[in-house]
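Trainee: Okay, sequence plus prediction incoming.
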Amino acid sequence: MLTLRTFIAQHVQIYTRRATALPGILFWFHTCMFIALLTFVPRLMSDSDRASLAFIMPLCGVAGTFVAGVLAQFFITPVRLTALCFAFVGVTAIGLPWMVAIGAVVPAALGLLFVSGLVQGSVFTTVPYLARQPEDQAYSHGAVAQLGNLGATVGPPVIAWYVDGYGLNGMVIPVLVLALTGMALALWASRGGSERRAGPNVLLPETR
């Protein structure tokens, strides 16, 4: 039977261990900005572009998620990939006002959603990479779900407040701050624990 004491103890156990807490924390930074991007980036487009790209933009995020899975499996460790993908989001966000100014809103929007999908996929791959035991993976997925929902709830209204007050920069600045913070955390975490070399099947459990 789950009691309040057990509930609290489980959460303390989850959020005080790098292997189970890190993916959820990184996912919080992602969801804070991803839902806001899906909401506010289409407003930069014309009505015709917005209607035609309404279903393509989320698919760009899905494509990025799949690409991140391949990269983490064969080319780079998941934690370092997450840091790199957050950097991609930051660079793309910085370039967004310039792309809007020259009328290239559509490729900028699709690119931003794609690199955001890269972040999502890379964070997902950190779960089996950091948590080697099934029980720890279950705890880690729970943290991802909890903090992901929290980010999706908190992020959009906060960014909406900035957009209302500062326009396009009001969207770019919070996204840039979230991306840089997520990147810094991932880099710190990659140095704070043992990192296995990237290679085929890096996400599969180690054999004894």
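Mentor: Done, it's in.
Trainee: Now do the helices in the protein.
Mentor: Applying DSSP state H to the chain gives helices spanning 4-15, 18-40, 47-52, 56-74, 78-101, 105-130, 134-166, 168-192.
Trainee: least reliable of those helices going by mean pLDDT?
Mentor: Note on these: lowest mean pLDDT is at helix 47-52, with a mean of 72.
Trainee: buried set for that helix?
Mentor: In terms of neighbour count (16 or more other C-beta atoms under 10 Å), helix 47-52 has its buried residues at residue 50. Every C-beta, even on glycine, is put in place using the N, C-alpha and C of the backbone.
Trainee: I'd like to know which elements that helix is packed against.
Mentor: Applying 3 or more C-beta pairs under 8 Å, 6 or more residues apart in numbering; DSSP states H and E, one finds that helix 47-52 contacts no other helix or strand.
Trainee: Show me what it is in contact with.
Mentor: When contacts are defined by C-beta atoms under 8 Å, 6 or more residues apart in numbering, helix 47-52 is touched by residues 42-43, 105-106.
Trainee: which of these are buried?
Mentor: So, of the contacts of helix 47-52, 42, 105-106 end up buried under the neighbour-count rule (16+ other C-beta under 10 Å).
Trainee: I'd like the contacts of helix 47-52 as CSV, with distance to residue 60 appended.
Mentor: Rendered in CSV, the data for these read as follows (distance: C-beta to C-beta, whole Å):
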residue, distance to residue 60
42, 12
43, 17
105, 14
106, 11
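Trainee: just how off-centre is stretch 159-174 within its chain?
Mentor: How far stretch 159-174 lies from its chain's middle: 19 Å, per C-alpha atoms, centre = their mean, to the nearest Å.
Trainee: Skip the chain neighbours and tell me the closest residue to the most centrally placed residue in the chain.
Mentor: Averaging the C-alpha coordinates of the chain gives a centre point, and the residue nearest to it by C-alpha atoms, centre = their mean is residue 30 (3.1 Å). The shortest distance from residue 30 to any non-neighbouring residue, by C-beta to C-beta, 6 or more residues apart in numbering, is to residue 119 (4.9 Å).
Trainee: Go ahead and confirm residue 171 touches residue 38.
Mentor: No: in terms of C-beta atoms under 8 Å, residue 171 does not count as a neighbour of residue 38; the distance is 11.8 Å.
Trainee: Those two: which has the busier surroundings?
Mentor: A count of neighbours by other C-beta atoms under 10 Å puts residue 171 above the other of residue 171 and residue 38, at 25 against 17.
Trainee: Could I get the contacting residues of that one?
Mentor: In this structure, residue 171 makes contact with 36-37, 40-41, 96, 159, 162-163, judged by C-beta under 8 Å, 6+ apart.
Trainee: Drop anything exposed from these.
Mentor: Counted by 16+ other C-beta under 10 Å, the contacts of residue 171 give 36-37, 40-41, 96, 159, 162-163 as buried.
Trainee: Turn these into JSON lines, including distance to residue 151.
Mentor: Rendered in JSON lines, the data for the buried ones among the contacts of residue 171 read as follows (distance: C-beta to C-beta, whole Å):
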{"residue": "36", "distance to residue 151": "10"}
{"residue": "37", "distance to residue 151": "12"}
{"residue": "40", "distance to residue 151": "16"}
{"residue": "41", "distance to residue 151": "17"}
{"residue": "96", "distance to residue 151": "20"}
{"residue": "159", "distance to residue 151": "11"}
{"residue": "162", "distance to residue 151": "16"}
{"residue": "163", "distance to residue 151": "17"}
